[in-house]
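[1] below are the sequence and a predicted model; questions follow.
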Amino acid sequence: MKKNDLIIIGSGLLIALLVYLIMAVGQKSLETDHLNVEVYVDGELLEVLPLDEDGIFTYETENGRNVLEIHDHKASIIEATCPDQICVSSSDIFRPNQNIVCLPFRFHVLVQGEGEVEFDAISQ
Amino acid sequence: MQFHNKLPLRRMIILGLLIAIALVLSYFERFIPISFAVPGIKLGLANVVTLLAINLYRPKDVYFLVVLRVILASIFIGSMMSLWYSMAGGLLSATGMLLMSSIPKDKVSIVGISVVGAICHNIGQIIIVSIITGSAYVAMTYFPILVVSAVVAGIFIGYVAKATKPYLARIVLDHIS
């Protein structure tokens, strides 16, 4: 490994840390007591579900099926008909801006606080 | 290495072999359980082949190798839907590594090239995530962990390529000339 290799590695890690800190600060500033789970298909908002009501929701799209479970103030994908099963093995989400993405089915769920300032300018 | 002076057929055969090796590597990679932090993280073993090809082939041939490998891998292993995010990662990674390899060898080693390739690969995937979810914010939440894992995997893959390089060079250049 050469000196420049270490510079590449170091600057990569530094940028990652910076982005992480910016994200963490953004998350902290969102203080809401009521959280919702937003369900998106193809980047469009399909449904908003309160995170404090347990339930199992099935989404059949033309791409495939995703089953979302809300339990104990946490949301997770418990079943998907995709081959990679990445969304199923993703960890539970319960804080604002945490999300689970199912790329093959263009499906994602996102935790958002109620009535907060729209954080995401680019998606709109 | 003066490999492009050789007969086109010979170059093509070695390129075909490299694609076959890359396919086998991406197949067996699935059995290495390293997706601990973020599900779906891969080591990127097939990148060893791209790194080696960069030393032997012109950029055009390297892109040919990457595109063919991604298409064939998604036919054999993944789905047609995984094609697009593998393609974005593969092309961006090849571009990054080709640019890096134009820097003189005494400045940057193959490990540095590999790390840049791995980071570019994951940035390509982040771009696809932001297109599919329609939200750059959602995609950016994956940025820190993807870059850190790219650095770790990139160092490993770089050393694997470094260790493999002399053997491949011997086979390719000796048997052909």
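    Here it is on my side, so go on.

[2] now chain B against chain A: closest residue?
    Of all residues in chain B, the one sitting closest to chain A is residue B:134 (2.5 Å; CB to the nearest CB). Using the backbone N, CA and C atoms, a C-beta is placed for each residue, glycine as well.

[3] would you map out the domains in chain A?
    What automatic domain parsing lists as the domains of chain A is A:1-30, A:35-113.

[4] show me what contacts the nearest residue to residue A:8 once chain neighbours are set aside?
    Of all residues not flanking residue A:8 in the chain, residue B:112 sits nearest, at 4.9 Å (CB to CB, 6 or more residues apart in numbering or on different chains). By CB atoms under 8 Å, 6 or more residues apart in numbering or on different chains, residue B:112 lies in contact with A:1-2, A:4-5, A:8-9, B:100, B:158.

[5] can you do 7 Å?
    Contacts for residue B:112 (CB atoms under 7 Å, 6 or more residues apart in numbering or on different chains) come out as A:2, A:4-5, A:8, B:100.

[6] still on that earlier bit, of the domains of chain A, flag the one that's most buried.
    domain A:35-113 (a mean of 18; mean count of other CB atoms under 10 Å in any protein chain shown).

[7] how far away is residue A:64 from residue A:70?
    20 Å (CB to CB, to the nearest Å).

[8] could you list the low-pLDDT ranges of chain A?
    Along chain A, segments meeting pLDDT under 70 span A:27-33, A:114-124.

[9] in it, which helix is the longest?
    helix A:3-28 (DSSP state H).

[10] could you identify the helix or strand that succeeds that helix?
    Toward the C-terminus, helix A:3-28 is succeeded by strand A:35-41 as the next helix or strand (DSSP states H and E).

[11] check which helices and strands that following strand is in contact with.
    strand A:44-50, strand A:107-113 (3 or more CB pairs under 7 Å, 6 or more residues apart in numbering or on different chains; DSSP states H and E).

[12] mind checking which of those strands is nearest chain B?
    So among the helices and strands packed on strand A:35-41, strand A:107-113 is nearest, using CB to the nearest CB, at 4.9 Å.

[13] what residues does chain A have near chain B?
    A:1-2, A:4-5, A:8-9, A:12-13, A:15-16, A:19-20, A:23, A:40, A:43, A:83-84, A:86, A:89-90, A:97, A:99, A:101, A:103-104, A:106, A:108, A:110, A:119-120, A:122-123 (CB under 7 Å from any CB of the partner chain).

[14] work out the gap between the helix or strand containing residue A:75 and the centre of the chain.
    Here residue A:75 sits within strand A:74-80, counting by DSSP H and E. With CA atoms, centre = their mean, to the nearest Å as the basis, strand A:74-80 stands 12 Å off its chain's centre.

[15] which bits of chain B sit near chain A?
    Checking chain B against chain A by CB under 7 Å from any CB, the hits are B:39-40, B:78-79, B:81-82, B:85, B:107-109, B:111-112, B:115-116, B:119, B:129, B:132-138, B:140-141, B:143-144, B:147-148, B:151.

[16] which of those count as buried?
    Buried members of these, counted by 16 or more other CB atoms under 10 Å in any protein chain shown: B:40, B:78, B:81-82, B:85, B:108-109, B:111-112, B:115-116, B:119, B:129, B:132-138, B:140-141, B:143-144, B:147-148, B:151.

[17] so which of those sit within helices?
    Counting by DSSP H, those place B:81-82, B:85, B:111-112, B:115-116, B:119, B:129, B:132-133, B:136-138, B:140, B:143-144, B:147-148, B:151 in helices.

[18] ignoring the adjacent residues along the chain, who's closest to the residue nearest the centre of chain B?
    In chain B, the residue lying closest to the centroid (CA atoms, centre = their mean) is residue B:47, at 2.9 Å. Excluding its sequence neighbours, the residue lying closest to residue B:47 (CB to CB, 6+ apart) is residue B:157, at 5.1 Å.
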